[in-house]
Each structure stands twice: as C-alpha cells, then as structure tokens.
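**Q** predicted model, plus sequence, below.
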Amino acid sequence: MSPKLCLAQDVEADELLSRSPLALLFGMLLDQQIPMEKAFKGPRDIAQRMGGLDVHRVAEASEEDFAAVMSEVPAIHRFPGSMGKRLQTLARYLIEHYDGDPEAIWTRGEPDGRTVLKRLKELPGYGDQKARIFLALLGKQLGVQPEGWRDAAGAYGDEGSRRSVADVVDEKTLGEVRDFKKAAKAAAKSAG
C-alpha cells in the first residue's frame, strides 16, 4: 500500500497525489501565490477536465487548449495562463529528460540525496527552496530516502519540523506549518 498524503485536505485529490509522481510534481509547482490546499487539488482538477493526468497529453496540448483547462471556473490557479505554460514546460522537460517518467528523477541510477536535489533544481519552475521542500516531502512522507537526503534537503529535512508542505500530514500539522510561516514572515519583516 502506498503512503497516504494529506496535502490537498481532499480525499480524491490526495489519493491522486499519493499514487502519481506527476500529480505531486505539478502540485508542488502550483504551490505559489495560492493556498497550499488549492495548489495540491490542481492536479486532480486538471485530470477531471482532461479525462486523466498524462504527461504527454499535457505536453502536446496547444497552449490555448491547456490555458482553457486551467482557466475553467474555478480556475486551477490565480494565474491560470502563466501557470499553464509552466506546467506544460515541466511536462515537456520530463519527456525530454526522463522519458515522461517523473519517478526517474529519484530512481534512475540509484542517486544520492545531493543528486536528487540537483535533478529537482534542474526542473523548470523549481528553484532551490522548492527542490529542497520536494526532496524533504519524498523522504518524510513517501519513504524515498536516498543516502544524504536530509542534509540535501537542509532544514526542511529536519525531523519533527513544521516548516513546509513536507511536514503536513493532517489538518493539525497544516495549522502548525502555517503558524511557522507566519512567525518567519513576521521575524523577517521586523529584521528588515
């Protein structure tokens, strides 16, 4: 039985995230400038609108057709057009570099944590922080723990932390992560 994620706080969306590495990568990419739960529901909504979530169908859709999927009410993201382009760019990258198999990012060649982090950072739309959070999510919740993954993930890999989506396992931990982020923002604001 695969691990049960609880990121979207929606049973159907979380089931898709739990079984589809593509859905998880898409949800993580969508997780900016909108609430985390909405971002991680996005892959399920795309799947419903497209009759499934398939890397090739997303990559090969015309920009206009995919923008329509993203913009249908309720929109997948606050910026459906630009995020649609970013998801298509990511899908094309996965096809070009990983034969359309997102899981190969962390399985091909038995990579260590630093290599997985490097591969994640190379993904379109994934910067250093997003890559570290995703690596921590793999290690903490999906049992993907290549050697050195905690060090590569930095503070996001810390045991018992409540810093990011990697630490959200239920409604309570979601609240704790939100509290941590609020406190970090307040500290940054008062320091700056």
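**A** Arrived safely. Residues are numbered from 1 along each chain as shown.
**Q** how about the nearest residue to the residue nearest in space to the middle of the chain, chain neighbours excluded?
**A** Nearest to the geometric centre of the chain sits residue 28, at 1.9 Å (C-alpha atoms, centre = their mean). Among residues not flanking residue 28 along the chain, residue 134 sits closest, at 5.3 Å (C-beta to C-beta, 6 or more residues apart in numbering). Every residue, glycine included, has its C-beta placed from N, CA and C.
**Q** which residues of the protein fall in helices?
**A** Residue ranges of the helices in the chain, as given by DSSP state H, are 11-19, 21-30, 36-50, 55-60, 63-71, 80-98, 104-107, 113-122, 128-141, 149-153, 171-191.
**Q** Serialize those to a markdown table and add fields for distance to residue 3 and mean pLDDT.
**A** Formatted as a markdown table, the helices of the chain follow (distance: least, C-beta to C-beta, whole Å; pLDDT from 0 to 100):
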| stretch | distance to residue 3 | mean pLDDT |
| --- | --- | --- |
| helix 11-19 | 6 | 96 |
| helix 21-30 | 11 | 98 |
| helix 36-50 | 15 | 97 |
| helix 55-60 | 22 | 98 |
| helix 63-71 | 28 | 97 |
| helix 80-98 | 22 | 98 |
| helix 104-107 | 14 | 98 |
| helix 113-122 | 17 | 98 |
| helix 128-141 | 6 | 97 |
| helix 149-153 | 15 | 98 |
| helix 171-191 | 15 | 90 |
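**Q** out of these, which is the most enclosed?
**A** Comparing the helices of the chain by mean neighbour count (mean count of other C-beta atoms under 10 Å), helix 21-30 comes out on top with a mean of 25.
**Q** now that helix - C-alpha only, PDB.
**A** Taking C-alpha atoms only, helix 21-30 is exported to PDB below (Å, rounded to 0.1, in the frame of the first residue of the first chain):
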ATOM      1  CA  PRO A  21       4.500  11.400  -9.100                       C
ATOM      2  CA  LEU A  22       3.400  13.600 -11.900                       C
ATOM      3  CA  ALA A  23       0.500  15.000  -9.900                       C
ATOM      4  CA  LEU A  24       2.800  15.600  -7.000                       C
ATOM      5  CA  LEU A  25       5.400  17.500  -9.100                       C
ATOM      6  CA  PHE A  26       2.500  19.500 -10.700                       C
ATOM      7  CA  GLY A  27       1.000  20.300  -7.200                       C
ATOM      8  CA  MET A  28       4.400  21.500  -6.000                       C
ATOM      9  CA  LEU A  29       4.900  23.700  -9.000                       C
ATOM     10  CA  LEU A  30       1.400  25.200  -8.500                       C
END
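**Q** next one, pLDDT for residue 2 please.
**A** What the model reports for residue 2 is a pLDDT of 61.
**Q** thinking again about what came up before, of all the helices of the chain, which lies closest to residue 162?
**A** Residue 162 lies closest, by C-beta to C-beta, to one member of those: helix 171-191, at 4.1 Å.
**Q** what inclination does the closest one have with respect to helix 36-50?
**A** 120 degrees (axes from the mean of the first three to the mean of the last three C-alpha atoms, to 10 degrees).
**Q** good, wrapping up.
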